[in-house]
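Enquirer: Sequence first, then the predicted structure, then my questions.
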Amino acid sequence: MKKLKIKKNVKKISLIIIVIALFLSIGLYSGIKIYKQKQYEKTYEYKLITLGYSESETKTLLDNYQEKEIEYILTNEVNNNYLNLLNDKYFIYEYFYTYLEELEKNPNNSIRNIIEKVNTLTNYEYYTNTVKADISKNELMLVNKYYYLDKDYIPENLVSIPTTYSWGEYGSKQVVDFVYEAYLNMWKSANSEANLYLMANSTYRDYDKQEDVYNEYKDARGEDYADSIAARPGFSEHQTGYTLDIFEKSATNQETFHESAAYAWLKDNAHRFGFILRYPSDKEDVTGYSFESWHFRYVGIDVATYIYENNITFDEYYAYFVK
């Protein structure tokens, strides 16, 4: 009888232990669940979704922005521009806040236009916020209205273009040696493929010569006019030794060269030899110069081909791939 009573007590105690364990398990599970939820609510994922971004948009933001930018995004209302910026293949991370500033100033501008503008520094006035050109980049150095060369800069290995392929006295037209070789190859192809006779009109100009050219325009019609048609001394690509103004024996007029067969051939073939049309007709806001159908710059075959195939300027290419 006593043994039976002991067994009943053991069963009762066991049941109590099981019940207590069950309640503890449920409590522990609930506690863990609540803890995990509280921890999740601290995450950027939860905060972004709560703010109004979808799960896929949240993943995109988290995959592409760092903590500082995510914190900034969370202090604002949902803004598709944070996502749209990432969709442009020339988006540069370090310019994130500058892009946003420009979008706020110019809400009607497209993301493409804003990125193009900021990447090429054209959100600044011309000849302000200037930077010394990195001459170590060689044929990929950028010289424009923001990047300049020192007064005493003279490119190495300048060679004279024979008068067979250029106007003026021998020695008056010079470029860097490998640029001449590329020009000669292009000349031969233009001649054999399209019966064209290319001629170089303006090539390397040193600082002092560029100063003379600029001041001539400035003295004639003022600084604004001079800036619209010529580079200030130190800011001219011609000082690099990588640039040629190219015409054709039967097409020598700047005003009409864009209508010539020579221009049509150069526009679609110059990249094969490493040259780009430096100042296209639809990129004035990026390059800072009006359309110059005769102005070609050597950048190498691979770069020239990329620029040609993607319809961008060297300024854009430099910002994204070189700088």
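Expert: That came in fine, so what should we check first? Numbers count the residues shown, from 1 in each chain.
Enquirer: any idea how the chain splits into domains?
Expert: 1-37, 44-119, 131-322 (automatic domain parsing).
Enquirer: where along the protein do the strands fall?
Expert: Remark: strands assigned in the chain by DSSP state E are 131-132, 147-148, 158-160, 174-176, 198-202, 243-248, 275-279, 292-298.
Enquirer: For those, could you give me JSON lines that also reports mean pLDDT and distance to M186?
Expert: Where C-beta positions appear, they are placed from N, C-alpha and C, glycine not excepted. Putting these into JSON lines (pLDDT from 0 to 100; distance: least, C-beta to C-beta, whole Å) gives the following:
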{"stretch": "strand 131-132", "mean pLDDT": "96", "distance to M186": "31"}
{"stretch": "strand 147-148", "mean pLDDT": "98", "distance to M186": "26"}
{"stretch": "strand 158-160", "mean pLDDT": "98", "distance to M186": "16"}
{"stretch": "strand 174-176", "mean pLDDT": "98", "distance to M186": "12"}
{"stretch": "strand 198-202", "mean pLDDT": "97", "distance to M186": "7"}
{"stretch": "strand 243-248", "mean pLDDT": "98", "distance to M186": "9"}
{"stretch": "strand 275-279", "mean pLDDT": "98", "distance to M186": "7"}
{"stretch": "strand 292-298", "mean pLDDT": "98", "distance to M186": "9"}
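Enquirer: closest to T75 out of those strands?
Expert: strand 131-132 (32.0 Å; C-beta to C-beta).
Enquirer: Which other helices and strands does the closest one contact?
Expert: Packing partners of strand 131-132 (3 or more C-beta pairs under 8 Å, 6 or more residues apart in numbering; DSSP states H and E): strand 147-148.
Enquirer: ok, and what's touching the strand it packs on?
Expert: Residues from elsewhere that reach strand 147-148, judged by C-beta atoms under 8 Å, 6 or more residues apart in numbering: T130, V131, K132, A133, M141, G234, F235.
Enquirer: same check, this time on stretch 199-215
Expert: With C-beta under 8 Å, 6+ apart, stretch 199-215 has contacts from 149-155, 158, 161, 165-167, 173-175, 183, 226, 230-234, 236, 238-241, 243-249, 252, 294.
Enquirer: Can you flag the buried ones in the residues you listed?
Expert: With burial judged by 16 or more other C-beta atoms under 10 Å, the buried subset of the contacts of stretch 199-215 is 149, 153, 155, 161, 165-166, 173-175, 183, 226, 230-234, 236, 238-241, 243-248, 294.
Enquirer: Assess the claim that Y99 and L85 are in contact.
Expert: Yes. The pair Y99 / L85 is scored as a contact, 5.8 Å apart, by C-beta atoms under 8 Å.
Enquirer: Would you mind grabbing the residues shared as contacts by those two?
Expert: F91, I115.
Enquirer: where in this structure is pLDDT low?
Expert: 1-32 (pLDDT under 70).
Enquirer: Go through the contacts of strand 147-148 and say which is closest to V118.
Expert: V131 (14.7 Å).
Enquirer: nearest to E125, of the domains of the chain?
Expert: With C-beta to C-beta, the closest approach to E125 among the domains of the chain belongs to domain 131-322: 9.2 Å.
Enquirer: Break down this structure into its helices, ranges please.
Expert: With DSSP state H as the criterion, the chain has helices at 2-40, 44-51, 55-64, 67-74, 81-87, 96-105, 111-119, 177-194, 207-221, 223-229, 261-269, 284-287, 301-310, 314-317.
Enquirer: Of these, which stretch is the most buried?
Expert: helix 314-317 (a mean of 23; mean count of other C-beta atoms under 10 Å).
Enquirer: on contacts alone, who are the packing partners of it?
Expert: If contacts are counted by 3+ C-beta pairs under 8 Å, 6+ apart, helix 314-317 sits against helix 111-119, helix 284-287, helix 301-310.
Enquirer: and the longest one, how far from the chain's centre?
Expert: On the basis of C-alpha atoms, centre = their mean, to the nearest Å, the separation between the geometric centre of helix 301-310 and that of its chain is 14 Å.
Enquirer: neighbouring contacts of that helix?
Expert: 140, 270-276, 298-299, 313-314, 317.
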